[in-house]
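>>> Here is my input; please provide its structure:
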Amino acid sequence: MENMKVVILCGGRGMRLMQETEFRPKPLVEIGSRPILWHIMKIYDHYGYRDFILCAGYKGDMIKEYFLNYRAMNDDFTIHLGKKSEMKFHDKGAQEEWNITIADTGLESMTGSRLKKIEQYIDSDEFMVTYGDGVTDADIGKLVKFHKDSKKIATVLGVHPQSRFGELISDGKTVKEFSEKPQVKEAYINGGFFVFNKSIFDYLKKDDKCILEREPLEKIAKNNQMSIYKHDGFWQCMDTQRDMELLNDVWRNNKAAWKVW
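Presented below is the predicted three-dimensional model:
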């Protein structure tokens, strides 16, 4: 397998989840006992992609501290205090074999700007990008193969989101079917899991106002250089308090479809 980098956008403020993000960056908001960022990285890890670039911004120092202290927080250890302090870790099981680059991409930078600022770390023709707040059971290996076969600059995972409102199927004045949390069945939306050719950097600027999802991707699509990998399975972002509670509920009840590892 080629050494394909995975870029995770971790710098936003997460304004719609301020109950949590007032104190920590959204990627560190937990599902179960682990940050959603860890869950996302475990998904990629399962498919063999273990080289990560984290685009930090808002409270980025907390993301740095999380990984600097990662082993101490997840393993038993014995520490000797004195003039020559020593620490011995007692492995509790398999450890993640991850390479992680954490890049400070600015407090106010938009997504396109953050991506442009880590260009120097991309050393392959293709790489992946996702947001630090969404999980899916989509097959990442198949997504990559689809992108390569398409020979386009960009591929996006298209998903059917879960509706925030109940759906009523009626016959005249009579409700025939009531679905509390239906999945939108017609249109696909941007699921936030991308595969890009390195030439996408030609469409980006370091200007903090450069938004990936606006002019860059709009222009790429207009030039017929974007493909969609349609996924009808599980996908969920953590955008609000309700989303966070939903993800924690399915995790707690062992129904987390994204737990493919």
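>>> what comes up buried for stretch 70-78?
residue 74 (16 or more other C-beta atoms under 10 Å). Quick note: C-beta positions are derived from backbone N, CA and C, even for glycine.
>>> next one: stretch 102-113
102-106, 109-113.
>>> same deal with stretch 42-52?
For stretch 42-52, by 16+ other C-beta under 10 Å, it's 42-47, 49-52.
>>> Look at it and report the distance between its end residues.
With C-alpha to C-alpha, to the nearest Å as the measure, the first residue of stretch 42-52 is 11 Å from its last.
>>> from the chain's centre, how far out does it sit?
Stretch 42-52 sits 12 Å away from the centroid of its parent chain (C-alpha atoms, centre = their mean, to the nearest Å).
>>> With stretch 40-55 instead?
9 Å.
>>> remind me which residues of the stretch 51-200 of the chain are low pLDDT?
Scanning the stretch 51-200 of the chain for pLDDT under 70 picks out the ranges 92-94, 162-186.
>>> about what we covered before: from the buried residues of stretch 42-52, which ones fall inside helices?
42-46 (DSSP state H).
>>> Which member of those residues is positioned nearest residue 62?
residue 42 (19.6 Å; C-beta to C-beta).
>>> Let me see the contact set for the closest residue in space to the closest one that isn't next to it in sequence.
Nearest residue to residue 42 in three dimensions, chain neighbours excluded: residue 261, at 5.1 Å (C-beta to C-beta, 6 or more residues apart in numbering). Contacts for residue 261 (C-beta atoms under 8 Å, 6 or more residues apart in numbering) come out as 42-43, 45-46.
>>> Mind putting those residues into a markdown table with distance to residue 7?
Output for the contacts of residue 261, formatted as a markdown table (distance: C-beta to C-beta, whole Å):
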| residue | distance to residue 7 |
| --- | --- |
| 42 | 17 |
| 43 | 14 |
| 45 | 15 |
| 46 | 18 |
